[in-house]
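Peer 1: Predicted model, plus sequence, below.
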Amino acid sequence: MAYRRGNHDPAGSLAGTAFPLRRSVAITSPADTANPLWGGRFGGGPAAVMQAINASIGVDKRLWRQDIAGSRAHVTMLGAQGILGAADVAAILAGLETIEAEYAAGGLVENPALEDIHMHIETRLAALIGPAAGRLHTARSRNDQVATDFRLWVREACGAAIDGLDAFIAALLARASEHAATIMPGFTHLQVAQPVTLGHHLMAYVEMARRDRSRFADALRRMDECPLGAAALAGTSFPIDRHATAAALGFARPTANSLDSVSDRDFALDYLNAAAMAGLHLSRLAEEIIVWASQPYGFVRLPDAWSTGSSIMPQKRNPDAAELVRAKTGLFLAAFQRLAVIMKGLPLAYSKDMQDDKVPVFNAHDTLALCLAAMTGMVETLVFVPERMRAAAASGFSTATDLADWLVRAAGVPFREAHEITGRCVRAAEARGGDLDGLSDAELAAIDPRITPAVRDVLSVEASVASRTSFGGTAPANVRAAIAALTPLPVDLRSPSAGGGAGGGND
Ligand code: ARG
């Protein structure tokens with residue numbers, strides 16, 4: 001059926017959207033929807049659709065704690081600088097405290113006419129304390145206000161990510177320690193390559209997670225500057241003390257340039273970049289768990305708590321949590337791209353496009369917290385099956401390199417020639433349908449007389465891994481040393497408020 005303009009059913013296929021487009025939308029809505037905080041210049045209120053596209057309260061309500069913290073620091077500084085009188089400061093602080101208690105207890109009542117969290121709080125303040133509320137916005141703009149609130153929020157989100165990664169790393173270390181000497185196949189091209197230890201394999205993820213952790217810590221260091229006091233874009237003529245507000249909010253210093261202060265969202269992009277990298281690593285481990293849990297591998301058994309059954313196939317035990325981590329972690333890449341695309345075309349300083357910066361970051365935080373918790377839980381409880389891993393490690397001529405290395409070491413054969421001799425041994429073993437270990441001493445000597453029975457010392461998978469003691473190698477002794485070197489984790493520079501986790505919803 002052809003689409004006819006203006007003739008679609010508003011209760012039809014689009015009814016699930018928040019704002020079905022009705023033909024009866026008034027171009028100018030009644031004056032009672034006019035914004036009380038900036039409405040002075042305007043004759044009428046915004047069109048309903050304008051209000052719908054303009055309001056961000058549904059999203060930025062999550063900044064309420066940060067907004068109150070920023071206002072407290074600001075008004076306290078205004079008092080200390082003699083810009084506001086003590087009575088006004090006391091009234092504003094008392095009002096903010098009441099609002100904080102109200103929101104903590106019952107959330108806020110959303111009113112799209114009040115656009116965003118900043119106006120909700122200021123309007124509520126006015127209702128509580130009267131005209132003194134109007135003095136709070138002295139020497140401030142929503143531009144530096146939101147830049148500060150959002151930075152505070154992202155700072156907490158970095159702290160939460162670091163805490164989540166620490167728990168994940170602790171789980172990996174515990175399992176790596178348990179399985180420092182457990183043999184498994186190491187793969188290249190997903191073909192059995194050489195035997196490795198499970199502890200070594202898990203420690204590879206510890207390395208990745210530590211790099212991820214350092215990216216969040218690094219982002220924290222860089223975002224440790226406070227934009228409050230940049231005002232709309234040019235600074236202010238009031239004698240404010242930006243060093244005082246920066247210190248009160250736990251920042252090392254104020255930002256240096258007012259234009260940059262209100263137009264910079266690098267801190268959010270840094271966060272999303274760190275999340276994208278962490279997600280990429282979580283996804284790779286999720287993929288391995290999925291493969292390992294499949295029947296042909298059988299390297300791990302997923303505990304009941306981390307698997308689901310099938311409604312039709314009673315024998316199934318599906319690695320859903322790992323699959324969902326694999327799926328969800330793509331969100332970080334999309335979130336980074338979404339915010340980068342918002343920012344890349346913007347002239348200095350603030351543009352309203354920047355209001356849309358929060359959705360990708362909030363989504364990323366929620367998803368990262370969930371994925372880290374799920375992966376930590378899985379790593380803690382996976383039931384490894386060492387017999388299956390050892391059997392797979394011993395298959396596929398995985399000690400061929402050990403044989404070649406032995407020829408080099410024990411018989412002085414050049415490596416290239418040793419490689420060729422070993423290839424003939426593999427062919428002979430393959431023809432017999434066995435492994436290298438299955439060839440008799442006579443058969444080996446027939447291939448090359450320099451192969452003596454002493455070679456047996458390196459043909460087992462245990463001997464193979466034990467011999468790989470080069471720095472960073474897979475030997476059980478190396479794994480134990482690597483774990484010991486990492487416990488306890490080095491303490492990274494953390495912001496004073498970091499670690500509590502970013503607040504969610506209207507709690
Ligand atoms: N809700 C806005 C945002 O998140 C606050 C800043 C509004 N500034 C402005 N100039 N309209 O970006």
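Peer 2: Now that the structure is in, tell me what you want to look at.
Peer 1: Low-confidence ranges, the chain, go.
Peer 2: 1-36, 38-40, 43, 487-507 (pLDDT under 70).
Peer 1: Point out the residues in it that sit beside the ligand.
Peer 2: Counting by CB under 6 Å from any ligand atom, the residues of the chain close to the ligand are Ser56, Asp60, Asp116, Arg142, Asn143, Val146, Tyr350, Lys352, Met354, Gln355. Quick note: C-beta positions are derived from backbone N, CA and C, even for glycine.
Peer 1: Could you turn the buried ones of the residues you listed into a ChimeraX selection?
Peer 2: Selecting only the buried entries of the residues of the chain next to the ligand in ChimeraX, with 16 or more other CB atoms under 10 Å as the criterion:
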select :56,60,116,142,143,146,350,354,355
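Peer 1: ok, which pair from the residues of the chain next to the ligand is furthest apart?
Peer 2: Asp60 and Tyr350 (14.8 Å; CB to CB).
Peer 1: Phi, psi for the closest residue to the ligand within the stretch 351-500 of the chain please.
Peer 2: The stretch 351-500 of the chain approaches the ligand most closely through Gln355 (3.5 Å), counting by CB to the nearest ligand atom. The phi and psi torsions at Gln355 (degrees, to the nearest 10) take the values phi -60, psi -30.
Peer 1: ok, it to Ile342 distance?
Peer 2: Noted for Gln355: a distance of 9 Å to Ile342, by CB to CB, to the nearest Å.
Peer 1: do Phe362 as well
Peer 2: Applying CB to CB to Phe362 and Ile342 gives a distance of 14 Å.
Peer 1: for Ala477, same thing?
Peer 2: From Ala477 to Ile342 the distance is 51 Å (CB to CB).
Peer 1: ok, these two, which is more surrounded?
Peer 2: Ile342 (19 against 14; other CB atoms under 10 Å).
Peer 1: Just the closest residue of the stretch 201-350 of the chain to the ligand, please.
Peer 2: Tyr350 (5.3 Å).
Peer 1: Give me the nearest residue to the spatially most central residue of the chain, chain neighbours excluded.
Peer 2: Against the mean C-alpha coordinate of the chain, by CA atoms, centre = their mean, the closest residue is Ala275 at 3.1 Å. Leaving out its chain neighbours, the residue that sits closest to Ala275 by CB to CB, 6 or more residues apart in numbering is Phe332, at 4.3 Å.
Peer 1: contacting residues for that neighbour?
Peer 2: Each residue near Phe332 by CB atoms under 8 Å, 6 or more residues apart in numbering is listed here: Leu272, Ala275, Ala276, Ala278, Gly279, Leu280, Ala364, Thr367, Leu368.
Peer 1: ok but the last one is inside a strand, no?
Peer 2: No. Counting by DSSP: H, G, I helix; E, B strand; the rest coil, Leu368 falls outside a strand, being helix.
Peer 1: so it makes contact with Ala275?
Peer 2: Yes. Assessed by CB atoms under 8 Å, Leu368 is found in contact with Ala275 at 5.1 Å.
Peer 1: Quick check: neighbours shared by these two?
Peer 2: Ala161, Phe332.
Peer 1: which stretches of the stretch 351-500 of the chain form strands?
Peer 2: Remark: strands assigned in the stretch 351-500 of the chain by DSSP state E, counting those that start in this stretch are 383-384.
Peer 1: With the chain instead?
Peer 2: 183-188, 191-197, 225-226, 253-254, 300-301, 383-384 (DSSP state E).
Peer 1: among those, which is nearest Thr308?
Peer 2: strand 300-301 (14.2 Å).
Peer 1: Looking at the residues of the chain next to the ligand, which one is closest to Glu417?
Peer 2: Closest to Glu417, out of all of those and judged by CB to CB, is Met354, at 65.7 Å.
Peer 1: give me every residue that touches that closest one.
Peer 2: Val146, Ser263, Arg265, Ile342, Met343, Leu346.
Peer 1: if we can go back for a sec, buried ones among the contacts of Phe332?
Peer 2: By 16+ other CB under 10 Å, the contacts of Phe332 give Leu272, Ala275, Ala276, Ala278, Gly279, Ala364, Thr367, Leu368 as buried.
Peer 1: Make JSON lines out of those residues and add distance to Ala91.
Peer 2: Compiled in JSON lines, the buried ones among the contacts of Phe332 are given as follows (distance: CB to CB, whole Å):
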{"residue": "Leu272", "distance to Ala91": "40"}
{"residue": "Ala275", "distance to Ala91": "41"}
{"residue": "Ala276", "distance to Ala91": "45"}
{"residue": "Ala278", "distance to Ala91": "45"}
{"residue": "Gly279", "distance to Ala91": "46"}
{"residue": "Ala364", "distance to Ala91": "38"}
{"residue": "Thr367", "distance to Ala91": "41"}
{"residue": "Leu368", "distance to Ala91": "40"}
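Peer 1: Narrow those to those in helices?
Peer 2: Leu272, Ala275, Ala276, Ala278, Gly279, Ala364, Thr367, Leu368 (DSSP state H).
Peer 1: buried ones in the longest helix seen in the chain?
Peer 2: Ranked by number of residues, the top helix in the chain under DSSP H is helix 142-178. For helix 142-178, burial by neighbour count (16+ other CB under 10 Å) applies to 142-173, 175-177.
Peer 1: For that helix, which helices and strands make contact with it?
Peer 2: Packed against helix 142-178 by the contact rule (3 or more CB pairs under 8 Å, 6 or more residues apart in numbering; DSSP states H and E) you find helix 64-80, helix 117-129, helix 198-222, helix 258-263, helix 266-293, helix 358-381, helix 476-486.
Peer 1: ok so, going back, the residue of the stretch 351-500 of the chain closest to the ligand reaches Ser56, doesn't it?
Peer 2: Yes. Gln355 lies in contact with Ser56 (CB under 8 Å); the separation is 5.1 Å.
Peer 1: anything in contact with each of these two?
Peer 2: Common neighbours of Gln355 and Ser56 (CB under 8 Å, 6+ apart) are Asp116.
Peer 1: re earlier: excluding covalently adjacent residues, which one is nearest to the residue of the stretch 201-350 of the chain closest to the ligand?
Peer 2: In space, Tyr350 is closest to Asn143, 4.5 Å off (CB to CB, 6+ apart).
Peer 1: Tell me who's in contact with the one you found.
Peer 2: Ala230, Ala231, Ala232, Leu233, Val262, Ala349, Tyr350.
Peer 1: Can you report how many residues neighbour the third one?
Peer 2: So that's Ala232. Ala232 has 15 nearby residues by other CB under 10 Å.
Peer 1: excluding its backbone neighbours, what's nearest it?
Peer 2: Ser141 (3.9 Å).
Peer 1: need the contact list for Val379.
Peer 2: So Val379 contacts Phe168, Ala171, Leu172, Arg175, Leu202, Leu285 (CB under 8 Å, 6+ apart).
Peer 1: pretty sure Trp393 is touching Val461, no?
Peer 2: In this structure residue 393 is Ala, not Trp. Yes. Contact criterion CB under 8 Å: Ala393 and Val461 qualify, at 4.9 Å.
Peer 1: hey, what's in contact with both of the two?
Peer 2: Contacts common to Ala393 and Val461, judged by CB under 8 Å, 6+ apart, are Ile183, Pro195.
Peer 1: Torsion angles phi and psi at Gly472?
Peer 2: Torsion angles, degrees, to the nearest 10, at Gly472: phi 90, psi 0.
Peer 1: Identify the residue nearest it in space, chain neighbours excluded?
Peer 2: That would be Asn478: by CB to CB, 6+ apart, it lies 7.3 Å from Gly472.
Peer 1: Can you give me the neighbour number for the one you found?
Peer 2: 22.
Peer 1: Now do the contacts for it.
Peer 2: His200, Arg468, Thr469, Phe471, Gly472.
Peer 1: Widest-spaced pair of these?
Peer 2: His200 and Phe471 (12.7 Å).
Peer 1: Comparing the two, which residue is more hemmed in?
Peer 2: His200 (25 against 7).
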